[in-house]
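1. sequence first, then the predicted structure, then my questions.
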Amino acid sequence: MGARKKHAPKRGSLAYSPRKRARTLNPTIKTWPEMDEVGVKPLGFAGYKAGMTHIYYIDEYPYSPYKGQEIFSAVSIVETPPLKVIGLVAYTPNYVDNRFETFSTVYYPDVPDFIKRRISTYNPGDWEKNLEEIKSNIERISFIRLLVSTQPILAGIHKKTPEIFEIQLGGKSSIEEKLKYAEELFGKDLEVDSVFKPGDVIDVIAVTKGKGFQGPVKRWGIKLLSHKSRKARRKPGALGPWKPSATRYTVPLAGQTGFHRRTIYHIKILDIKSPVDFDHPLSFPRYGVLKSKFLILKGSVPGSAKRLIKMRFTIRPVRPELLSPVKITYINV
């Protein structure tokens, strides 16, 4: 920046622009990882954020200066009631538009009414015929995704409306095996411990806490101007050049803060617990009493209590020694 004598880095990041409200609280997972594991396995799951607490555990990381010692860690509790498998979606490549498109969607007819009411296009029709059509065109199918529904009535929150979304099937197996696996799960519950296990490293996708309309200091992290600044201190030092005669989108201005869709990478699952493992009810402020299995995740995850949290196996490389489970000595619940 010319003859500037002081360090003046750009405040904030344009990578997340435009900073506007998320379209939905049920975010779509756009990218799924490749699994080297033999067999068929769902690549993700979903739950509800209950809150945060802390634990003590034995640090077994071989390169840690605290190896073998008991250390403290803040953790997030995500309640994961079983997902109801209500169908599958088969995808085929579209070479003209260079994308994947739906080949066929199969809805299982015998699902609860509270799930049927949630899907405006729910029409099982001759679902067995649709399934046979996929099998007869199996060479055209690139991947299979489970169509699942959350069951918030089995969680500790006062909510009845479920969320409907897709989970891709991964693993080193053929499309025929994945189709058979999905067919066997029709109408059944998918438990979290059949997907994840303690020690797994996952990515978390959720909508952050909403902060409303905030100024540029909180929204972008700009520095306050001098106390002798004219009219205001909590504003950008300049709105831009004379020409072009318009304010650029790169200028840090006030606006919507929070309630953004965000992905947090490399969050470790420290343990998977059930309320029956404890001799007292597990309750969290602004959430309620846990009723189903829950994940203990290291660190924080986006969103407020009761918010939907989607999880998938991490898509970024991870050191093998980080995948080992830890020994928890104390949980503050």
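-> On my side now, so go ahead. Being a predicted model, the structure only gives us computed values, none of them experimental.

2. ranges for the helices of this protein?
-> Here the chain has its helices, by DSSP state H, at 113-116, 127-136, 175-184, 216-220.

3. which among those helices is found nearest to Pro82?
-> Nearest to Pro82 among the helices of the chain is helix 113-116; the distance by CB to CB comes to 13.1 Å. Using the backbone N, CA and C atoms, a C-beta is placed for each residue, glycine as well.

4. flag every buried residue along the closest one.
-> Ile115 (16 or more other CB atoms under 10 Å).

5. please name the bridge partners of the residue most central in space within the chain.
-> In the chain, the residue lying closest to the centroid (CA atoms, centre = their mean) is Ile205, at 2.3 Å. Counting by DSSP bridges, Ile205 forms beta bridges with Thr263, Lys310.

6. over to Gly288?
-> On the basis of DSSP bridges, Gly288 is bridged to Phe284.

7. Phe143: which of the helices of the chain is closest?
-> helix 175-184 (7.5 Å).

8. and the angle from that closest one to helix 127-136?
-> Per axes from the mean of the first three to the mean of the last three CA atoms, to 10 degrees, the angle that helix 175-184 makes with helix 127-136 is 170 degrees.

9. other SSEs contacting helix 175-184?
-> strand 83-94, helix 127-136, strand 143-149, strand 164-170 (3 or more CB pairs under 8 Å, 6 or more residues apart in numbering; DSSP states H and E).

10. need the mean per-residue confidence for that helix.
-> Confidence for helix 175-184, expressed as mean pLDDT, is 94.

11. roughly how far is that helix from the heart of the chain?
-> Relative to its chain's centre, helix 175-184 lies at 25 Å (CA atoms, centre = their mean, to the nearest Å).

12. before we move on, the earlier item: ranking the helices and strands packed on helix 175-184 by mean pLDDT, which is last?
-> helix 127-136 has the lowest average pLDDT among the helices and strands packed on helix 175-184, namely a mean of 89.

13. buried ones in it?
-> Buried, per 16+ other CB under 10 Å, within helix 127-136: 127, 130-131, 134.

14. quick one, domains of the chain?
-> Domain assignment for the chain, taken from automatic domain parsing, gives 47-80+197-217+253-333, 83-190.

15. now the helices and strands packed on helix 175-184 as TSV including distance to Pro42?
-> Shown next, in TSV, are the helices and strands packed on helix 175-184 (distance: least, CB to CB, whole Å):
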stretch	distance to Pro42
strand 83-94	9
helix 127-136	18
strand 143-149	6
strand 164-170	5
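
16. looking at those, which is nearest to His260?
-> strand 164-170 (18.9 Å).

17. Phe103: what's it in contact with?
-> In this structure, Phe103 makes contact with 90-92, 134, 137, 140-141, judged by CB atoms under 8 Å, 6 or more residues apart in numbering.

18. could you do Leu253 as well?
-> Contacts for Leu253 were tallied using CB under 8 Å, 6+ apart; they are 216, 219, 236, 247.

19. I'd say the third one and Arg248 touch.
-> No - judged on CB atoms under 8 Å, Pro236 makes no contact with Arg248 at a distance of 11.1 Å.

20. who's more crowded, those two?
-> Taking neighbours as other CB atoms under 10 Å, Pro236 and Arg248 compare with Pro236 leading, 19 against 9.

21. how much space separates the more buried one from Ser304?
-> Counting by CB to CB, to the nearest Å, the gap from Pro236 to Ser304 is 30 Å.

22. determine the longest strand present in this protein.
-> For the chain, the strand that runs over the most residues, judged by DSSP state E, is strand 44-58.

23. so among the contacts of Leu253, which ones count as buried?
-> Buried, going by 16+ other CB under 10 Å: 216, 219, 236, out of the contacts of Leu253.

24. nearest to Arg19 among those?
-> Among those, Arg219 lies closest to Arg19 (CB to CB), at 7.1 Å.

25. residues in contact with the closest one?
-> 12, 19, 252-255, 257.

26. and if we set it to 7 Å?
-> 254-255, 257 (CB atoms under 7 Å, 6 or more residues apart in numbering).

27. all strands for the stretch 151-300 of the chain, in order.
-> Secondary structure of the stretch 151-300 of the chain, counting by DSSP state E, counting those that start in this stretch: strands at 164-170, 189-190, 201-207, 210-214, 255-258, 261-273, 283-284, 288-289, 294-298.

28. which residues are in contact with the first one?
-> What that stands for is strand 164-170. 26, 32, 34-35, 40-44, 89, 118-119, 143-149, 178, 181-182.

29. what's the answer for the fourth one, then?
-> With CB under 7 Å, 6+ apart as the test, strand 210-214 has contacts from 254-259.

30. just give me the neighbour total for the residue nearest to Tyr63 when sequence neighbours are not counted.
-> Closest residue to Tyr63 apart from its sequence neighbours, by CB to CB, 6 or more residues apart in numbering: Glu321 at 7.9 Å. Using other CB under 10 Å, Glu321 has 10 neighbouring residues.

31. the one 5 residues further on too?
-> Other residues near Val326 number 21, with proximity taken as other CB under 10 Å.
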